[in-house]
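1. quick one, fold the following:
(one chain, ligands or ions: 1)
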Amino acid sequence: LRSLGVGGEGAAGGAHGDAAVDLDAANFTAFLQASPESFAVVEFFAHWCPACRNYKPQYEKVAKLFNGPDAAHPGSIVMARVDCASKVNVDLCNKFSVDHYPFLVWGPPTKFDSPQWKPKQENSELELIDDGRTAERLLKWINKKMGSSFSLDDKKYENDSALPKNASDPEQIKPETRDPLVRFLQILVSHHPSKRCRRGSADLLINFDDHWHTNLSLSSEESPTLLTSVAVDNICGKGVPRGYWMFCRGSKKETRGFSCGLWVLLHSLTVRIGDAESQSTFTSIRDFINNFFICDECRRHFYEMCSSVSVPFKSARDLTLWLWRAHNKVNERLMKEEKDLDTADPSFPKVIWPPKQLCPSCYRSSSRTGDGPMQVEWDEDEVYHFLVDYYGKKLVSSYREASIDSHLQVTKQVGSISDDSSASSAATVPIGAALGVAAASCTFGALACFWRTQQKNRKYYHLRSLKKI
Ligand SMILES: Cc1cc2nc3c(=O)[nH]c(=O)nc-3n(C[C@H](O)[C@H](O)[C@H](O)COP(=O)(O)OP(=O)(O)OC[C@H]3O[C@@H](n4cnc5c(N)ncnc54)[C@H](O)[C@@H]3O)c2cc1C
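-> As a prediction, this is how the structure comes out:
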């Protein structure tokens with residue numbers, strides 16, 4: 001326990017000066033069983049999840065009250081976290097039915113050793129914290145639970161409004177989850193830029209009913225079969241290592257990666273479809289993201305943007321440009337958020353994309369007032385041609401199937417690869433290994449599906465969200 005940074009008398013500390021304790025499958029039970037505190041909060045998160053990164057300071061702000069040498073209230077609550085994107089923790093996170101991030105569980109530390117737990121489980125002393133998305137709300141929830149009146153003295157993190165509200169509803173509708181996955185796989189079969197991945201997607205589709213019959217939820221016995229097909233073997237072949245990024249490699253472990261790969265995949269699909277497929281591709285992407293992207297904040301924002309589309313897409317050009325604009329809206333929002341929360345990857349700051357160096361002809365004019373975002377008058381014909389070239393020919397011509405045959409070979413190439421959204425040396429061609437990365441996105445999507453289908457007591461969150469919009 002000392003090696004975990006527990007300072008005795010209930011004072012705990014995590015890695016790198018964090019107040020919350022980083023736990024994994026190997027030490028989870030032992031640590032909590034030995035904790036003298038009356039209650040524990042465990043945050044299940046994924047290091048790639050941008051919402052989790054943004055949430056971390058909020059969680060830390062509360063953890064500092066209870067953990068560590070400067071805790072105002074030591075000994076009452078131990079606060080910990082588990083990275084579900086780490087392979088060793090997959091079973092642990094499944095055990096707690098983690099179906100979105102961040103996912104907060106409350107209860108006496110000794111009760112975290114049950115063999116399987118799900119939210120709303122009867123006769124359980126563990127409870128899902130359904131409203132802990134800011135430090136204030138988390139503390140309010142705790143105060144209500146304990147009848148206490150702890151308060152936050154720390155004024156450092158004031159950007160609570162930047163965080164989404166009410167995003168921790170774990171419920172998902174089940175009958176709809178199968179179809180979006182099938183429809184998305186169909187697009188991958190036709191339009192994934194890599195032949196190998198098209199073939200892998202087709203194989204999975206052909207055998208799909210063996211893994212997941214219509215009208216059936218995946219039982220805990222059946223789901224590992226689908227998992228093996230998608231997550232372990234990978235639709236692009238066994239050689240693509242999980243969680244390994246090249247095009248989308250951040251300068252820090254917790255930045256870029258998965259969500260970057262997903263964007264690259266989506267853009268590379270939109271430039272490949274035919275006009276007649278544009279509306280169905282749009283709905284497939286929308287439903288896939290909404291059902292399988294575990295980043296709650298991301299999928300809700302994306303769904304909102306999709307909901308504001310009023311006229312069906314009639315051409316691939318329109319869809320390509322819509323996705324580009326949507327991505328830039330996210331970039332613009334994150335530019336500010338990442339600056340406020342200091343969560344940006346210093347080597348890959350968010351920019352309005354493509355930067356001028358990458359596509360001078362895309363710009364008719366641009367201006368900036370003060371600290372505000374750059375205002376650009378785009379030449380959309382040029383932007384479209386640029387996107388078709390960037391995510392089409394260039395991606396493919398620089399893609400080497402051989403690069404995903406061997407992890408070692410890939411590793412050797414990493415140093416020579418860069419993605420140039422950050423403006424300097426902007427003419428660099430994006431590397432084709434993005435395709436392997438993109439496939440890995442689907443892998444994790446399917447994992448999400450697995451987690452979600454393990455939820456037995458679902459409510460219709462999706463339908464409720466629709467009503468709200
Ligand atoms: C659908 C979706 C919604 C998301 N919503 C949120 C959210 O609400 N909140 C949040 O915190 N994070 C969100 N994310 C994650 C976030 O957008 C980034 O993916 C993440 O921060 C990693 O950023 P990055 O620097 O790797 O570049 P990314 O934004 O992931 O972009 C990947 C690459 O795409 C290229 N690119 C950049 N902009 C464009 C563009 N406009 N058009 C075409 N190509 C472009 C660049 O080469 C860039 O390196 C979302 C991700 C996805 C896939």
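2. the helices in the stretch 301-450 of the chain, which residues?
-> 316-341, 380-388, 395-397, 407-413, 434-453 (DSSP state H, counting those that start in this stretch).
3. mean pLDDT lowest for which of those helices?
-> Among those, helix 407-413 carries the lowest mean pLDDT, a mean of 33.
4. now Val182, nearest residue through space, not along the chain?
-> Phe208 (6.5 Å; CB to CB, 6 or more residues apart in numbering). Just so you know, the C-beta spots here come from the backbone N, C-alpha and C atoms, and that holds for glycine as well.
5. repeat for Glu37
-> That would be Val78: by CB to CB, 6+ apart, it lies 4.2 Å from Glu37.
6. for the protein, which residues are neighbours of the ligand?
-> By the rule CB under 6 Å from any ligand atom, the part of the chain lying against the ligand is 50-51, 248, 256, 259-260, 262-264, 267, 289, 297-298, 301-302, 324, 327-328, 330-331, 334, 348, 353, 419, 421.
7. write the PyMOL selection for whichever of these are buried.
-> Burial among those is assessed by 16 or more other CB atoms under 10 Å; the matching PyMOL selection reads:
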select buried, resi 50+51+248+256+259+260+262+263+264+267+289+297+298+301+302+324+327+328+330+331+334+348+353+419+421
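8. among the residues of the chain next to the ligand, which lie within strands?
-> Assignment to strands by DSSP state E places none of those there.
9. circling back to that earlier point, mind listing what the residue nearest to Glu37 touches?
-> The contact partners of Val78, by CB atoms under 8 Å, 6 or more residues apart in numbering, come to 10, 12, 21, 32, 35, 37, 39-41, 66-67, 109.
10. contacts only, for Arg183.
-> 280, 283-284, 287-288.
11. just for the stretch 51-200 of the chain, where's the confidence low?
-> Scanning the stretch 51-200 of the chain for pLDDT under 70 picks out 153-176.
12. and for the stretch 201-350 of the chain?
-> 210-234, 237-247, 253-254.
13. mind running it again at 90?
-> 201-262, 264-265, 287-300, 310-311, 335-350 (pLDDT under 90).
14. how about the nearest residue to the one residue in the stretch 101-250 of the chain that gets nearest to the ligand, chain neighbours excluded?
-> Proximity of the stretch 101-250 of the chain to the ligand (CB to the nearest ligand atom) peaks at Cys248, 5.6 Å away. Nearest-residue entry for Cys248: Cys260, 3.5 Å, with adjacent residues in sequence omitted and distances by CB to CB, 6+ apart.
15. what's the spacing between the one you found and Ser86?
-> In this view, Cys260 and Ser86 are 19 Å apart by CB to CB, to the nearest Å.
16. and Leu104, by the same measure?
-> From Leu104 to Ser86 the distance is 18 Å (CB to CB).
17. more neighbours, the two?
-> Leu104 (23 against 15; other CB atoms under 10 Å).
18. SS state for the more buried one?
-> strand (DSSP: H, G, I helix; E, B strand; the rest coil).
19. and the spatially closest residue to it that is not a sequence neighbour, how far from Lys144?
-> With sequence-adjacent residues excluded and distances taken as CB to CB, 6+ apart, Leu104 is closest to Ile129, at 3.9 Å. Using CB to CB, one obtains 11 Å as the distance from Ile129 to Lys144.
20. comparing these two, which shows the higher neighbour count?
-> Ile129 (21 against 10).
21. which stretch of helix or strand covers the residue nearest to Glu37?
-> strand 77-83 (DSSP states H and E).
22. packing partners of the helix or strand that comes right after that strand?
-> If you walk from strand 77-83 toward the C-terminus, the next helix or strand you reach (DSSP H and E) is helix 90-95. With contacts taken as 3 or more CB pairs under 8 Å, 6 or more residues apart in numbering; DSSP states H and E, helix 90-95 sits against helix 434-453.
23. now the residue nearest to Cys248: how far from Lys350?
-> Applying CB to CB, the value for Cys260 to Lys350 is 11 Å.
24. same thing with Met305?
-> Distance from Met305 to Lys350, by CB to CB: 17 Å.
25. these two: which is more packed in?
-> Lys350 (20 against 16).
26. can you give me phi and psi for the more buried one?
-> Torsion angles at Lys350 (phi, psi; degrees, to the nearest 10) stand at phi -70, psi 140.
27. so what's it up against?
-> Neighbours of Lys350 in contact, by CB under 8 Å, 6+ apart: 331-332, 334-335, 338, 344.
28. now the two most distant members of those residues.
-> For the contacts of Lys350, the farthest-apart pair by CB to CB is Glu332 and Ala344; their separation is 13.5 Å.
29. returning to that earlier point: can I get the strand holding Val78 in CSV, CA atoms only?
-> The C-alpha coordinates for strand 77-83 follow below in CSV (Å, rounded to 0.1, in the frame of the first residue of the first chain):
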residue,chain,number,x,y,z
ILE,A,77,-13.5,9.0,1.8
VAL,A,78,-10.8,7.4,-0.4
MET,A,79,-10.9,8.5,-4.0
ALA,A,80,-9.3,6.3,-6.7
ARG,A,81,-9.3,5.8,-10.5
VAL,A,82,-9.0,2.9,-12.9
ASP,A,83,-7.9,3.3,-16.6
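30. tell me which strands it pairs with, and in which orientation.
-> strand 21-23 (parallel), strand 39-45 (parallel) (DSSP bridges).
31. now render these as TSV, adding mean neighbour count, mean pLDDT and distance to Lys120.
-> Below are the strands paired with strand 77-83 laid out as TSV (neighbours: other CB atoms under 10 Å; pLDDT from 0 to 100; distance: least, CB to CB, whole Å):
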stretch	mean neighbour count	mean pLDDT	distance to Lys120
strand 21-23	22	93	24
strand 39-45	24	95	16
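32. in CSV, list the ones you listed along with distance to Asp275.
-> Below are the strands paired with strand 77-83 laid out as CSV (distance: least, CB to CB, whole Å):
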stretch, distance to Asp275
strand 21-23, 50
strand 39-45, 41
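33. what's the closest non-adjacent residue to Gly274?
-> Distances taken as CB to CB, 6+ apart put Ala316 closest to Gly274, at 6.4 Å, once the chain neighbours are dropped.
34. pretty sure the one you found contacts Ala276?
-> No - contact criterion CB atoms under 8 Å: Ala316 and Ala276 do not qualify, at 9.1 Å.
35. for the two, indicate the residue with more neighbours.
-> Counted by other CB under 10 Å, Ala316 and Ala276 do not tie: Ala316 has more neighbours, with 21 against 11.
36. so who does the more buried one touch?
-> So Ala316 contacts 270-271, 273-275, 277-278 (CB under 8 Å, 6+ apart).
37. re earlier: is it true that the residue nearest to Leu104 touches Pro102?
-> No - between Ile129 and Pro102 there is no contact under CB under 8 Å: 9.6 Å.
38. what's near enough to touch Lys56?
-> Phe45 are the contacts of Lys56 under CB under 8 Å, 6+ apart.
39. next one: Met79
-> Here Met79 is in contact with 12, 19-21, 40-43, 59, 62-63, 66-67 (criterion: CB under 8 Å, 6+ apart).
40. repeat the analysis, applying 6 Å as the threshold.
-> Contact analysis of Met79 by CB atoms under 6 Å, 6 or more residues apart in numbering lists 20, 41, 63, 66-67.
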